[in-house]
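Participant: Give me a 3D structure for the following:
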Amino acid sequence: MLKLKEMFAKPSVSETDEESRFLDVASTGDVPPGKGKVVVAMGREIGLFNVEGRIEAIDNTCPHSVRPIGNMEFNGCMVTCLWHGLKFNVVNGDCPEAPHYKAKKYPVRVEGDRILVGV
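Facilitator: The predicted model follows:
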């Protein structure tokens, strides 16, 4: 018979399970330097951004208004929400104007010409 601790223990996550959480969402050619693109992965809208050759990914939902950030044009590493003008740093998700708001950040891997996002 299982003990209570064993019944509610979290299963260990193997490296293989971790690998399967990265989904192929775009080609590097789809996101040229200084540009962004919205992709959908597992029902989530994710903004991809090419910051000086490095691909970054944040949730495309503004934590302030729960609407799409919508603007994939960005300046430096900042994207501006179309609804209320809040700016979000695509590298870390921070909102300098309202630090209590933060866009969800996703890990990114580039393999060859493919962009994979961890969801």
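Participant: quick one: Ala41 from Ile55, how far?
Facilitator: The spacing between Ala41 and Ile55, counted by Cβ to Cβ, to the nearest Å, is 14 Å. Backbone N, C-alpha and C define where each C-beta goes, glycine included.
Participant: typo on my end, Phe88
Facilitator: From Phe88 to Ile55 the distance is 16 Å (Cβ to Cβ).
Participant: who's more crowded, those two?
Facilitator: Neighbours per residue, other Cβ atoms under 10 Å: of Phe88 and Ile55, the larger number sits with Phe88, 29 against 20.
Participant: The strand or helix carrying the more buried one: partners in the sheet, and parallel or antiparallel?
Facilitator: Here Phe88 sits within strand 87-89, counting by DSSP states H and E. Its sheet considered, strand 87-89 pairs with strand 78-80 (antiparallel) by DSSP bridges.
Participant: in the chain, which segments are predicted with low confidence?
Facilitator: Residue ranges of the chain with pLDDT under 70: 1-20, 70-73.
Participant: List the buried residues for the strand ranked longest in it?
Facilitator: With secondary structure taken from DSSP state E, the chain has its longest strand at strand 44-51. Residues Ile46, Gly47, Leu48, Phe49, Asn50, Val51 are the ones in strand 44-51 that count as buried (16 or more other Cβ atoms under 10 Å).
Participant: can you check stretch 78-95 too?
Facilitator: Met78, Val79, Thr80, Cys81, Leu86, Lys87, Phe88, Asn89, Val90, Gly93, Asp94, Cys95.
Participant: what does stretch 34-43 give?
Facilitator: Here stretch 34-43 shows Gly36, Lys37, Val39, Ala41 as buried, counting by 16+ other Cβ under 10 Å.
Participant: List of residues touching that stretch?
Facilitator: Under the contact criterion Cβ atoms under 8 Å, 6 or more residues apart in numbering, stretch 34-43 has outside partners 23, 25-26, 30-31, 45-50, 60, 68, 72-74, 79, 90, 117, 119.
Participant: which residues does Ala57 form a beta bridge with?
Facilitator: Applying DSSP bridges to Ala57 gives these bridge partners: Leu48, Tyr106.
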